[in-house]
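Undergrad: My questions concern the predicted model and sequence given below.
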Amino acid sequence: MKHVAMIGPELTPIPPIRGGATENWIENVCRRMDRYRCTVYSPSDPELPRRETRNGVDYVRIASGRLSRRVAELLHRPDNGYAKRVLNHLQKMKPDLVHVQNRPLIAAHLRCHLPSRVPIILQMHNLYNYLGKYERPEGEWSVPVDLFLAISRFVLDRERDRLVKGAKRLDVLPNGVDTDCYSPSGEEERVRELRRKYGLDGKRVVIYTGKLRENKGVSVLFQAMRTVFQNDACKDVMLLLVGGAHFGRNRADRKTDYHKRLLQMISNHEHRVVITGFIRPDEMHFYYRLGDICVCPSQLEEGFPSVLLEAMSARLPVVSTRMGGIPELVSHERTGILLESADDSNELAVRILELLARRDECLRLGTNAREQVVRNFSWGVVAEKTESVYDELMESKKWDSGTRLF
């Protein structure tokens, strides 16, 4: 069995107890591989051991190196400390393949120091522009990797003249979801408990999940819901905002200026708007069961939003924008509703009111959505696609299956 080194970003641990879509992808795909053994690298966390094996996956968690990160920030340059520590492990582990997630600078560092016969993959879950200030290369720059993977066709096309230029091969490897966990039924007592906790008994619920940020369209959604609240047929409708301003260690409870403005905006509607704060990923599937409609009015060109996959897997009708890779997942009026204008709260209000008035349409959209997700985006399907991508790459290098790379 060939050995893959899966390199996560340096900010949050894997499994994703602090949140993170990229970290979630890594944990779920690696545990479902049959033909490749994965060693996952991520930062350390006080709730997790430095090394462990679970679900057939080896986990190595690297000390945070806070001092080197602070020095790098003072000098206005990237911090290579995490990449260097990962490299030290790889030189001892001698993997057959290295798969770097969402960090072009780490991929470039490893490419400079590992033998050329070791294939390196860079996979991007979002655009270069959305990386942190010290997580991305500046100027005209490409990463000399053996394979560039994008989470969607949108990301691949947008990065063709930038990060993709140095890659020998390229492909699309989508996001996924646990369709057994994110389902429309099961664990009814826990769902009833949450409905009581948030005062949702007997209510119809419009649900939003994700970070509470303006660029996620939360303000657009609230303005639309003000119109919905004024409708006489919607006296029983509530808005449930599931998430906080941040995720990660010592960040989940942090309040941003926007979060404070949001609280002020909803102050006159507190009896109809619930904000849960950060919810651990292993609890999230219960929350979709609280909703009747899921709205994701993103104002960002996101790669392939996991929140939409989760909602669709839970058989919820979704309303979203035509931004980024979203149209690759949501088919307008077949598996969901796509808005013509991303920032038009009036259009959003009309669409929400239409769905609230038509339970049959909600069921049709939700059923179609779940069927599509189960067929194309369950973690088992994505894991099989990942292994096929590895097979093709290894074959292209013409390595014997028993050959070691170091």
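TA: Thanks, I have it.
Undergrad: Could you export the helix or strand where L194 lies as PDB, CA atoms only?
TA: Taking DSSP states H and E as the definition, one finds L194 inside helix 188-197. Output of helix 188-197 as PDB, limited to C-alpha atoms (Å, rounded to 0.1, in the frame of the first residue of the first chain):
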ATOM      1  CA  GLU A 188     -35.100  12.900  16.900                       C
ATOM      2  CA  GLU A 189     -34.700  13.500  20.600                       C
ATOM      3  CA  ARG A 190     -31.600  15.600  20.100                       C
ATOM      4  CA  VAL A 191     -33.400  17.600  17.400                       C
ATOM      5  CA  ARG A 192     -36.400  18.200  19.700                       C
ATOM      6  CA  GLU A 193     -34.000  19.200  22.500                       C
ATOM      7  CA  LEU A 194     -32.400  21.900  20.200                       C
ATOM      8  CA  ARG A 195     -35.800  23.200  19.100                       C
ATOM      9  CA  ARG A 196     -36.800  23.700  22.700                       C
ATOM     10  CA  LYS A 197     -33.400  25.300  23.600                       C
END
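Undergrad: how about that helix: buried residues?
TA: Under the neighbour-count criterion of 16 or more other Cβ atoms under 10 Å, helix 188-197 has V191, L194, R195 buried. (Each C-beta comes from the backbone N, C-alpha and C, glycine too.)
Undergrad: any idea how far H99 lies from V381?
TA: According to Cβ to Cβ, to the nearest Å, H99 stands 18 Å off from V381.
Undergrad: try D344
TA: Applying Cβ to Cβ to D344 and V381 gives a distance of 35 Å.
Undergrad: and if you look at P16?
TA: 20 Å.
Undergrad: Which one's more surrounded, those two?
TA: Between P16 and V381, counting by other Cβ atoms under 10 Å, P16 is the more crowded of the two (23 against 17).
Undergrad: how about stretch 373-383: buried residues?
TA: Neighbour-count burial for stretch 373-383, counted by 16+ other Cβ under 10 Å, picks out V373, V374, F377, S378, W379, G380, V381, V382, A383.
Undergrad: Let's see which of those end up in helices.
TA: Residues of the buried residues of stretch 373-383 located in helices (DSSP state H): V373, V374, W379, G380, V381, V382, A383.
Undergrad: Contacts only, for the residue nearest to the fifth one when sequence neighbours are not counted.
TA: If the residues on either side of it in the chain are set aside, V381 comes closest to G176, at 7.0 Å by Cβ to Cβ, 6 or more residues apart in numbering. If you count contacts by Cβ atoms under 8 Å, 6 or more residues apart in numbering, G176 has them with W25, N28, V29, L309, F377, S378, W379, V381, V382, A383.
Undergrad: And the strands in the stretch 101-250 of the chain?
TA: 120-124, 147-150, 169-172, 204-209, 237-242 (DSSP state E, counting those that start in this stretch).
Undergrad: Looking at the ones you listed, which one is packed in the most?
TA: The highest mean neighbour count among these, using mean count of other Cβ atoms under 10 Å, belongs to strand 120-124: a mean of 27.
Undergrad: Parallel or antiparallel, list what pairs with that one.
TA: strand 97-101 (parallel), strand 147-150 (parallel) (DSSP bridges).
Undergrad: Serialize these to CSV and add fields for distance to V389 and mean pLDDT.
TA: Below are these laid out as CSV (distance: least, Cβ to Cβ, whole Å; pLDDT from 0 to 100):
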stretch, distance to V389, mean pLDDT
strand 97-101, 9, 98
strand 147-150, 7, 97
